[in-house]
Every structure is written in structure tokens, then in C-alpha cells.
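> I'll drop the sequence and a predicted model, then ask my questions.
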Amino acid sequence: MKLRDRGLIIAGLAVFLIVATFPFWYGRGKVVAPPDLELDTPVIKKLAERKCIESTPFMRTNHMKLLVAWRDSAVRKGNRIYTATNGKTFEMNLTGTCLNCHSNQKHFCDRCHTYVGAKPDCWNCHIIPEDIPK
């Protein structure tokens with residue numbers, strides 16, 4: 001390395017550090033409020049007890065892992081019965097189980113998925129009950 005190249009190397013490292021750390025310092029201090037979920041579907045309003053198949057904290061954190069496990073179990077292994085941690089059993093059926101209550105995709109599913117930047121492919125195969133022609 002020649003002495004005259006030192007300036008170019010330092011400038012190159014500085015540019016690299018700025019570009020590599022840009023996402024971190026650009027978003028610093030910007031807060032986006034989480035979405036306010038609407039759980040007021042007609043089915044949920046009629047329920048005596050508003051409980052999902054698992055606890056709310058579990059479902060908020062792990063619903064996609066649960067759905068992937070359901071898919072693998074039901075489609076690939078032929079097991080369509082899920083036993084929850086409380087011992088209750090449910091049919092592994094996105095449309096008949098989850099979407100029966102959470103039928104407001106635009107106000108429930110899409111708000112969170114948009115907020116976190118997720119693009120689930122559930123709707124490629126599954127139909128929202130409200131979209132089924134009557």
C-alpha cells in the first residue's frame with residue numbers, strides 16, 4: 001500500500017460504513033403505532049367466551065408457526081385433528097376454524113401483516129368466508 005492510497009481506502013471504508021448502517025440510523029426515532037385490531041366479527045360477537053384455540057400471547061407470536069405445522073400435519077401426514085394445550089381438539093382447517101371467527105381479513109389479518117411487512121400466501125388456496133358467493 002502506498003501512502004497516497006491511504007486516503008482512498010479511508011474514504012472507501014467511510015462510504016461502506018455509511019451505506020451499511022444507513023437502515024439503522026435512518027429509522028432512529030421514528031415510531032409507528034401498531035394496528036388497532038377489530039375483533040368485532042358477527043361470529044365473535046355471538047361467542048359466550050372469546051377464546052382462540054391457544055392463548056392470545058401464543059397466537060400473536062406463533063400463529064404462522066402453528067399454521068405451517070397444521071399444513072404439514074394435515075396435508076402431508078393426513079392428521080387433521082389438533083389438540084390444544086388445554087386438551088380441547090380442533091379440526092385443522094384454516095377456513096373452518098380460524099377464518100370462521102377471524103373472517104374480516106382486511107381489518108384483522110391484513111393490518112398486522114402490512115404493519116410487519118409480511119406477505120403470507122394463505123389466500124392463494126384458502127377463501128375468506130365473506131368472499132364465498134351465497
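Received the coordinates, thanks.
> what about the closest residue to residue 55 other than its chain neighbours, how many residues nearby?
Leaving aside its sequence neighbours, residue 55 sits nearest to residue 85 (CB to CB, 6 or more residues apart in numbering; 7.8 Å). All C-beta atoms are positioned from the backbone trio N, CA, C, and that covers glycine. Counted with other CB atoms under 10 Å, the neighbours of residue 85 add up to 9.
> with the one 10 residues further on instead?
Counted with other CB under 10 Å, the burial measure for residue 95 works out to 15 neighbours.
> count the neighbours of the spatially closest residue to it that is not a sequence neighbour for me.
Excluding the flanking residues, the one nearest residue 95 by CB to CB, 6+ apart is residue 126, at 5.4 Å. Per other CB under 10 Å, the neighbour tally for residue 126 reads 14.
> excluding chain neighbours, what is closest to the residue nearest the centre of the chain?
The centroid of the chain falls nearest to residue 113 when counting by CA atoms, centre = their mean (5.2 Å). Distances taken as CB to CB, 6+ apart place residue 120 nearest to residue 113, at 6.1 Å, with adjacent residues excluded.
> need the pLDDT of that neighbour.
Here the pLDDT value assigned to residue 120 is 83.
> for it, grab phi and psi.
For residue 120, the backbone dihedrals (degrees, to the nearest 10) come out as phi -70, psi 150.
> give me the neighbour count for it.
Other residues within reach of residue 120, judged by other CB under 10 Å, total 12.
> how about the helices in this protein?
With DSSP state H as the criterion, the chain has helices at 6-26, 42-46, 56-71, 99-101, 109-116.
> hey, which of those helices is tucked in deepest?
Comparing the helices of the chain by mean neighbour count (mean count of other CB atoms under 10 Å), helix 99-101 ranks first with a mean of 19.
> tell me what that one is packed against?
helix 42-46 (3 or more CB pairs under 8 Å, 6 or more residues apart in numbering; DSSP states H and E).
> name the helices or strands packed onto the helix it packs on?
Short answer (3+ CB pairs under 8 Å, 6+ apart): helix 42-46 packs on helix 99-101.
> what is the least confident helix or strand in the chain?
None of the helices or strands of the chain scores lower by mean pLDDT, DSSP states H and E than helix 42-46, at a mean of 79.
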